[in-house]
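In: only geometry, no sequence info:
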């Protein structure tokens, strides 16, 4: 029997020597550190998804680089064409607003506001308030119309009153006198001018 068999024999006086001569078995650290597969996925499927994720991330980086180059080229073209920065800013704002309008959040908010508006306009409180405001507006218009008619009638009465007619006659008389005085003054202008053309008489000798 060889030494290995003697060591394994329990009756051998050399029992236990085999354990002392054994060396540690190396452990595969790669296998131990491997992340366990996601539940429901096999290791092959997980590897395939990770590879696809890496590819998509690389494509995103490439697209960003291409977009940056295109934006630089666009800016250079605008500069050469003499387009102002303000025009570009307006265009960017318009594009941003369009992006906001087509976004899911904006669409949902608009739909929600539309639903609220419909509920408010269909409510009894809104209808009663609208009717009250309409009646108040009609009453106000009627009151203003009445006041306007009263003022017009009052002015007509004043024009037909004796006091107003007397005042009107006085104004007419004053106007006639002023116009007559002006006409008389214009008639006397030539005679005055003629007297001015007469030569001055010689002074009397001492």
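Out: That came through fine. Computed from a prediction, not measured in an experiment: that's the story for all the values here.

In: the chain: strands as residue ranges?
Out: Using DSSP state E, the chain contains no strands.

In: what's the weakest-modelled helix or strand in it?
Out: helix 29-33 (a mean of 43; mean pLDDT, DSSP states H and E).

In: what's around residue 115, how many residues?
Out: Counted by other CB atoms under 10 Å, the residues lying close to residue 115 total 10. Yep, even glycine has a C-beta here, placed from its N, CA and C like the rest.

In: next, the contact list for residue 172, please.
Out: By CB atoms under 8 Å, 6 or more residues apart in numbering, residue 172 lies in contact with nothing.

In: gap between it and residue 49?
Out: From residue 172 over to residue 49 the distance is 107 Å, taken as CB to CB, to the nearest Å.

In: next one: phi and psi at residue 42?
Out: phi -80, psi 170 (degrees, to the nearest 10).

In: equivalent analysis for residue 41, please.
Out: phi -120, psi 140.

In: contact partners for it?
Out: Neighbour list for residue 41: residue 49 [criterion: CB under 8 Å, 6+ apart].

In: how does it look with 10 Å?
Out: 47-49 (CB atoms under 10 Å, 6 or more residues apart in numbering).

In: residue 152 too?
Out: With CB under 10 Å, 6+ apart, residue 152 has no contacts at all.
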